[in-house]
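In: one predicted model, sequence on top.
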Amino acid sequence: MMTDLYQSQRAMRQMRRQAMQRGVVAILDVGSSKIACLVLRFDGTGRLSEDNSIGSMAGQTGFRVIGAATTRSRGVQFGEVTAMQETERAIRTALQAAQKMADIRVDHVIASFSGANPRSYGLDAQVDLEGQLVTEAEVGRVLNACDVPDYGEGREVLHAQPVNFALDNRSGLIDPRGQLGQSLAVDMHMLTVDAVAIQNIVRCIKRCDLELAGIANSAYVSGISALVEDEQELGAACIDMGGGTTSISIFMKKHMIYADCVRMGGDHVTSDISMGLGVPAAVAERIKTFNGGVHATGADDRDLIDIGGDTGDWEHDRRTVSRAELIGIMRPRVEEILEEVRTRLDAAGFDHLPSQQIVLTGGGSQIMGLDGLASRILGQRVRLGRPLRVHGLPQSATGPGFSSAVGLSLFAAHPQDEWWDFEIPVDTYAARPFKRAVRWFRDNW
Amino acid sequence: MRPLTATRTPVIHRTKPLAGPDADFGAAPKSESEAEPKLRLRGTRFFGRGRLSDPAPSRLSYRFQRWMLTPGIRRGVKIGLPVLAVVGLVGGFFAAEERREAVSAYVISIKTSIQERPEFMVNLMAIDGAGTALSEDIREVVPLDFPLSSWDLDVEMIRDTITGLDPVKSATVRIRPGGILQVDIVERQPVIVWRTRDGIELLDETGAHVDMIAARADHANLPLIAGKGADKHVPEALQILTTARSLGERVRGLVRVGERRWDLVLDRNQRIMLPTERPARALERVLAVNEVQDLLERDVAAVDMRLGQRPTIRMNKTASEDWWNTKVDVSSGQ
């Protein structure tokens, strides 16, 4: 089973390399409330500028967004595909519009989704080096020596990133290759999700005549784009408040070390308003966007909102609600979401991290007064995050709702080394007995 | 922001430059939905039921659009198809014989109407620098029936034809404004008469043929040369004759002997046989002797200068006999 996954992930990496050669790749963020599609063109410029400084674009100058489109999501609930036909049509809509804007055909897609019960595992392993030198094969060997826990049937590994290497007594190595030592140890972060969710997304993309060149968890990618560099380095949590889910990712030393997902989001707030006020979901969404908030003041009692309706009943169609009432509906739900996030962070041991920075992003983070409420629940160091600036990103796509799409672009440009980027050591292949025999002889004589 | 009524049309995000210090305000989500262009999907106009219809493209239109965005296909459609259509139309039109002919006839008629404008017409040929006889000859070899379009005249060929005439040294042919074909001729000037078995010819200073004449007496003032191949060496002959002008009326002419050297023939049948090399120098020697000794006044048949080291004189028979007698007398007298 592991080798199967290994092969399929390698195939996706191969696709990504092909897409890089062609220079055009599409980014697809499959969310519960919107599907965003960006078309990236890679022009091959390096990561750093000539004077080796990071520069105004945080070094992300290797690509340019040439097409961007969003469409309302259909058939996606809690970040998982529930109606495949609908989702496929929505993906087609977004992709066609983005292609039209980019004026180029895109064949490779890198996708992200948020749901499917992500679960984090910390893995570690230690091996004695065969020689003094740490080679690529040695890294592959130590990664392969990790004791994989039994993560259950119907689950699939989405990310498996080595986050820390230790050589003898020196820990905290980012890249041990080429260094000398006796024993190599690795800490790996593995993220598993429901296999069915991945398969559904893959099917949807295949049905749009596209090749999947990579797949990522949206908690991870929104962390990449919403956290600034020193937050990623010193440790921070990114909370992406989406439509159907609120995803949590914790970063430390520029690696994601934990990801989780609360199956509640902005759509639940909307449905609360809809139910509480007896209005259609579209009207509830509009009222939430324009007049929503979580802190009621005295002025809010006098601020009457026209909630309308078109039943023909004069009384019914001219209902109003005060802003304080609206806040009274919204606040418990937002608090519930944040409490749940707090629980997950506590379970992950976020308290023990040196830095307690929390960054709120995603479309749900635009609720007025959310930062105040969040700092009461999550801790003092809360800020609202927007995605990193990237070349050619339209102004209308720079809001916090696009942080996972932008992060996925960064992920597409500079993917992190994962477990499957290293060669499997020879002895796991049963199909090479001769090499094994040679190896045995060399080890024993 | 979402509009009040539910719409599912996709929003396309385009980069818009923000003006002035209000960039932050422009970035606010307010009023951006009406400023942003909406994608109009073709299907909705025909099949849609208002705004609630699904904006998703059908699989067919999605595939078709992707197909059209492929660079090769797009270039083919944008460039290849129009070119193909034009080629097809033109080819189809010219496939029929009579249409081809009609088009070519039309082109020719336009061409003729331009060429036959009065500005391009040539009405007469003017010949300058040629005698009457030569002018007639020229008109004979260049038969043009005026008026004629100047487009039809091949001036180069006319000039070559005229230059090909014997008495013409060089010719300039041009079309003068006013519709006149101007021919300027430089005639060859005869300087020498060459008598051959076929008749008497006039030659110019390069030895080129100028004309045939009936009698030597027609050109009594020109010197006479004879012999095969004499016309190839006219400059040399002229040099010899110049040298020999002190002999005046006595010179009858030059004879080319064996296509190799010259004999200067004087009256009283005297001959000065000149060498192949530097004949004028040899003649000067003879003339110098003549100056001192009156050599040529004597009864000498020939002065042989063919061997430079040994000039020889041949005397007439009677003179030789006289000389013998004189010698005898002298010897007897002693």
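Out: The structure has been received and is ready for your questions.

In: where does the chain have low pLDDT?
Out: By default, I'm working from chain A. Applying pLDDT under 70 to chain A picks out residues A:1-5, A:44-61, A:424-433.

In: the chain in question should be chain B.
Out: Along chain B, segments meeting pLDDT under 70 span B:1-9, B:12-54, B:328-334.

In: run the last query once more with 90
Out: Chain B contains residues with pLDDT under 90 at B:1-74, B:96-97, B:114-183, B:185-192, B:195-254, B:257-264, B:266-271, B:276-334.

In: which parts of chain A sit against chain B?
Out: By C-beta under 8 Å from any C-beta of the partner chain, the residues of chain A that approach chain B are A:68-72, A:74, A:89-90, A:92-94, A:96-101, A:103-105, A:208-209, A:280, A:282-283, A:285-286, A:289-290, A:308, A:392-399. Just so you know, the C-beta spots here come from the backbone N, C-alpha and C atoms, and that holds for glycine as well.

In: so who does residue 159 touch?
Out: In the absence of a named chain, chain A is used. A:189-191, A:216-217, A:220, A:256, A:259, A:418 (C-beta atoms under 8 Å, 6 or more residues apart in numbering or on different chains).

In: my question was about chain B, not that one.
Out: Contacts of B:Arg159 by C-beta under 8 Å, 6+ apart are B:171-173.

In: give me the buried subset of those.
Out: For the contacts of B:Arg159, a burial check counting by 16 or more other C-beta atoms under 10 Å in any protein chain shown picks out B:171, B:173.

In: just the buried residues of the longest helix anywhere in chain A, please?
Out: When chain A is parsed with DSSP state H, its longest helix is helix A:323-348. By neighbour count on 16+ other C-beta under 10 Å, the buried set for helix A:323-348 is A:323-327, A:329-331, A:333-334, A:337-338, A:340-342, A:344-345, A:348.

In: all helices in chain A, in order from the N-terminus.
Out: Under DSSP H, chain A gives helices at A:2-22, A:84-102, A:136-144, A:195-207, A:218-226, A:229-234, A:266-277, A:281-291, A:314-317, A:323-348, A:370-378, A:403-413, A:433-444.

In: so can I have JSON lines of the ones you listed showing distance to B:Ile79?
Out: Listed next are those as JSON lines, based on distance: least, C-beta to C-beta, whole Å:
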{"stretch": "helix A:2-22", "distance to B:Ile79": "23"}
{"stretch": "helix A:84-102", "distance to B:Ile79": "21"}
{"stretch": "helix A:136-144", "distance to B:Ile79": "49"}
{"stretch": "helix A:195-207", "distance to B:Ile79": "33"}
{"stretch": "helix A:218-226", "distance to B:Ile79": "41"}
{"stretch": "helix A:229-234", "distance to B:Ile79": "48"}
{"stretch": "helix A:266-277", "distance to B:Ile79": "49"}
{"stretch": "helix A:281-291", "distance to B:Ile79": "47"}
{"stretch": "helix A:314-317", "distance to B:Ile79": "58"}
{"stretch": "helix A:323-348", "distance to B:Ile79": "56"}
{"stretch": "helix A:370-378", "distance to B:Ile79": "55"}
{"stretch": "helix A:403-413", "distance to B:Ile79": "33"}
{"stretch": "helix A:433-444", "distance to B:Ile79": "56"}
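
In: what about those helices, which gets the closest to B:Ile200?
Out: Smallest distance to B:Ile200 across the helices of chain A (C-beta to C-beta): 94.8 Å, for helix A:2-22.

In: returning to what we had before: what's the most buried one of the helices of chain A?
Out: Most buried of the helices of chain A by mean neighbour count (mean count of other C-beta atoms under 10 Å in any protein chain shown) is helix A:218-226; its value is a mean of 30.

In: how close does the residue nearest to B:Ala208 when sequence neighbours are not counted sit to B:Thr163?
Out: Distances taken as C-beta to C-beta, 6 or more residues apart in numbering or on different chains place B:Arg188 nearest to B:Ala208, at 6.2 Å, with adjacent residues excluded. Going from B:Arg188 to B:Thr163 by C-beta to C-beta, to the nearest Å gives 11 Å.

In: those two - which one has more neighbours?
Out: Using other C-beta atoms under 10 Å in any protein chain shown, the more surrounded residue of B:Arg188 and B:Thr163 is B:Arg188, with 21 against 14.

In: whichever residue of the stretch 201-334 of chain B sits closest to chain A is in what secondary structure piece?
Out: Nearest to chain A, among the residues of the stretch 201-334 of chain B, is B:Thr206, at 78.0 Å (C-beta to the nearest C-beta). B:Thr206 is part of no helix or strand, with elements assigned from DSSP states H and E.

In: thought it was touching B:Glu236?
Out: No - between B:Thr206 and B:Glu236 there is no contact under C-beta atoms under 8 Å: 11.8 Å.

In: ok, those two, which is more surrounded?
Out: B:Glu236 (19 against 11).

In: which SS class is the more buried one?
Out: Assigned with DSSP: H, G, I helix; E, B strand; the rest coil, B:Glu236 falls in the helix class.

In: kindly report the same for B:Arg306.
Out: Counting by three-state DSSP, the backbone at B:Arg306 sits in coil.

In: so it sits against B:Ile272, correct?
Out: No - if you go by C-beta under 8 Å, B:Arg306 and B:Ile272 don't touch, sitting 10.4 Å apart.

In: so these two - more neighbours on which side?
Out: Using other C-beta under 10 Å as the criterion, B:Arg306 and B:Ile272 rank with B:Ile272 on top: 27 against 16.

In: show me chain B divided up by domain.
Out: Per automatic domain parsing, the domain ranges recorded for chain B read B:71-115, B:118-187, B:192-333.

In: got a markdown table for the ones you listed, with distance to A:Gly265 too?
Out: Putting these into a markdown table (distance: least, C-beta to C-beta, whole Å) gives the following:
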| stretch | distance to A:Gly265 |
| --- | --- |
| domain B:71-115 | 41 |
| domain B:118-187 | 87 |
| domain B:192-333 | 112 |
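
In: for A:Arg318, which of these is the nearest?
Out: If you check each of those against A:Arg318 by C-beta to C-beta, domain B:71-115 wins as the nearest, at 54.6 Å.

In: ok now the closest one, how far from the chain's centre?
Out: Relative to its chain's centre, domain B:71-115 lies at 37 Å (C-alpha atoms, centre = their mean, to the nearest Å).

In: the closest residue to A:Leu378 other than its chain neighbours: neighbour count?
Out: Take A:Leu378 and drop its neighbours on the chain: the residue closest to it by C-beta to C-beta, 6+ apart is A:Ile358, 5.1 Å away. A count of neighbours around A:Ile358, defined by other C-beta under 10 Å, yields 27.

In: do A:Asn117 as well
Out: Counted with other C-beta under 10 Å, the neighbours of A:Asn117 add up to 15.

In: touching, it and A:Ala195? I think so.
Out: No - counting by C-beta under 8 Å, A:Asn117 stays clear of A:Ala195, with 10.9 Å between them.

In: any idea how far A:Gly243 is from A:Arg22?
Out: Applying C-beta to C-beta to A:Gly243 and A:Arg22 gives a distance of 32 Å.

In: should've said B:Glu297
Out: 114 Å.

In: and B:Ile73, what does it touch?
Out: So B:Ile73 contacts B:Trp67 (C-beta under 8 Å, 6+ apart).
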